[in-house]
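Asker: Sequence first, predicted coordinates after that:
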Amino acid sequence: MTAEVVNGLAQAQLQDQPAAAASHVAPYSASYRRTPVKTLLLAADGGRSMVGKTLRVGGWVKTGREAGASAWAFLEVNDGSCFDSLQIMVDKEVAEEVGGLKKLVPTGTCVLIEGVLAQTPEGTKQAVELKAKKIIHLGPCDAATYPMAKKKQSMEFLREKAHLRSRTNTIGAVARIRNALAFATHSFFQENGFYYVHTPIITASDCEGAGEMFQVTSMLSKAKEHQGQPSVAQEDVQQLQQQVSLQGEAVKAAKAAAAADKQDAALAAAAKAEVDKLLALKTSLAKAEEAAKWIGGFKRTAAGDIDYSEDFFGKPAFLTVSGQLQGEYYACGLTNIYTFGPTFRAEDSHTSRHLAEFWMIEPEMAFCDLEDDMRCAEDYVRYCCRFVLERCRPDLQFIVRMIDPNAISRLEHVANSPFARCSYTQGIELLQKAIAEGRKFEDMDVHWGMDLGTEHERYLAEDVFKQPVIVYNYPKDIKAFYMRLNNDGKTVAAMDVLVPKVGELIGGSQREDR
């Protein structure tokens, strides 16, 4: 076989693979030859360089409307790859293959459409639109039963529609922003020499009592087995113990009588009967003592606590509130590490600041003091802000329009402003000065040694410094035992990063090493 023939066969194979070489096709959607919407709309030229190309776009119809006396329809199709949707124009003749335009226009309809990319007239929102030539796939949606209306939906309603809420503007934007922040987190630490460590989700450690914990146990199924069994009171056990004791005396007497007259078969039989009665009582007592250990379906220890010896782990286990402990000993071998995973708090609080489940980033660094710690926290926050401003601008613009008009300006301010530094003592003095000048707080008892509330933290960040500020050197009595004691004997090398609108964003400390 000649080289020319081999090359010819290779070229033919490449041509047979659907758009495998096309850079605009999603890497793992080659079989459908699907082009992500963001490839067009987020391109530097808005997709103009691809005008005239035949493309396939798949997604879900955000809005659809018939026009030109039902001669064609305009579909706004979104695939989640970016905030904006691509406009697709479908002629009546093209739509007839799938049942007509009315099958395509309902919100929520799933489509995969092949068409030619065309430039839109000057002054329109988008630079390009797709002129449909063929409907490759249609997933019909009944407008009468589809729950996601075009109007704004409440968060409470969306919680009940978990399988569809990712199609909404708000949840879609939040998901893309969260994705960007997670990517930025890994990028920042990896670029700065940290190793990513996976710490246990199930643990026996409660991390200095950082919060109420969710317990993990396999004993509930066993509890159901014992719930129907009759309970034995301690008084019943004591009564049986007394009977065993009395019967023991009776056995001694019967055996003594039998031993005194070994020729008397009746005395021997009586002694044996007393022994059998004692054994039966001991068996009853053992069963009663075991049954008495089960209270409320759970086996108890002698002290009355739940006996975890029969649990899955043989001891109490919980969902983690922090990976700090494991992170610390990995840092003692790898120098700089970070954890990034789910943590759980069972605090009975129903505010937006207390979540039952959230993801927490915990870096641990060896050969590092408080100043290094503060600089790392500042660099990380500013890195994330710059990253999301660069990668998620359309999503942030939606947040500004619909939720928080100052979201972008605040992120830009944080990204571009060096963080201020303020000792805890200075912070207390600033708060006391504000109160003396007439400032009102819910908690007006501001004194050295108190734990700052969110209102105090936000006042320092928003009103005093008007930028992020790191408060450091907190009183030792309000911080954890492992934080390094300062030379004054009253404060520890701890810090909190306070940002406008939020208050505390990051907490950290230098560990005690003496």
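Answerer: That came in fine, so what should we check first? Residues are numbered from 1 along each chain as shown.
Asker: What degree of burial does E378 show, as a neighbour count?
Answerer: If you count neighbours by other Cβ atoms under 10 Å, E378 ends up with 19. All C-beta atoms are positioned from the backbone trio N, CA, C, and that covers glycine.
Asker: switch to numbering from 27
Answerer: Sounds good: first residue 27 from here, last item E404.
Asker: Please identify the nearest residue in space to it, excluding sequence neighbours.
Answerer: Ranked by Cβ to Cβ, 6 or more residues apart in numbering and with sequence neighbours excluded, the top spatial neighbour of E404 is F445, at 4.5 Å.
Asker: How about the contacts made by the one you found?
Answerer: For F445, the contact set (Cβ atoms under 8 Å, 6 or more residues apart in numbering) comprises 400, 404, 407, 493-496, 523.
Asker: Run a quick neighbour tally on R202.
Answerer: 21.
Asker: Also V242?
Answerer: For V242, the neighbour count with other Cβ under 10 Å is 18.
Asker: what does L415 give?
Answerer: Counted with other Cβ under 10 Å, the neighbours of L415 add up to 17.
Asker: My assumption is that it lies in a helix; please confirm.
Answerer: Yes - according to DSSP: H, G, I helix; E, B strand; the rest coil, L415 belongs to a helix.
Asker: right, and it touches I434 too?
Answerer: Yes - contact criterion Cβ atoms under 8 Å: L415 and I434 qualify, at 7.2 Å.
Asker: May I see the buried residues of stretch 383-393?
Answerer: 387-391 (16 or more other Cβ atoms under 10 Å).
Asker: Nearest to N362 among the residues you listed?
Answerer: For the buried residues of stretch 383-393, the minimum distance to N362 (Cβ to Cβ) is 5.0 Å, reached by M391.
Asker: so what's that closest one bridging to?
Answerer: M391 forms beta bridges with N362, as assigned by DSSP bridges.
Asker: Do I have it right that it meets A357?
Answerer: Yes - contact status for M391 versus A357: in contact at 6.3 Å, counting by Cβ under 8 Å.
Asker: what touches both of L415 and I434?
Answerer: With Cβ under 8 Å, 6+ apart as the test, L415 and I434 both reach L422.
Asker: in the chain, which strand has the most residues?
Answerer: strand 80-93 (DSSP state E).
Asker: Kindly provide the distance from F240 to E388.
Answerer: Noted for F240: a distance of 19 Å to E388, by Cβ to Cβ, to the nearest Å.
Asker: What of A121?
Answerer: Taking Cβ to Cβ, one finds A121 at 54 Å from E388.
Asker: Any stretches of the chain with poor pLDDT?
Answerer: 27-47, 234-237, 252-256, 322 (pLDDT under 70).
Asker: Please enumerate the helices of it.
Answerer: 29-42, 63-67, 118-121, 181-185, 195-217, 245-253, 260-286, 291-318, 350-360, 396-417, 419-428, 433-442, 450-462, 480-484 (DSSP state H).
Asker: Let's have those in a markdown table, adding distance to E92.
Answerer: A markdown table is the format used below for the helices of the chain (distance: least, Cβ to Cβ, whole Å):
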| stretch | distance to E92 |
| --- | --- |
| helix 29-42 | 38 |
| helix 63-67 | 22 |
| helix 118-121 | 9 |
| helix 181-185 | 28 |
| helix 195-217 | 23 |
| helix 245-253 | 57 |
| helix 260-286 | 80 |
| helix 291-318 | 75 |
| helix 350-360 | 59 |
| helix 396-417 | 36 |
| helix 419-428 | 27 |
| helix 433-442 | 37 |
| helix 450-462 | 61 |
| helix 480-484 | 51 |
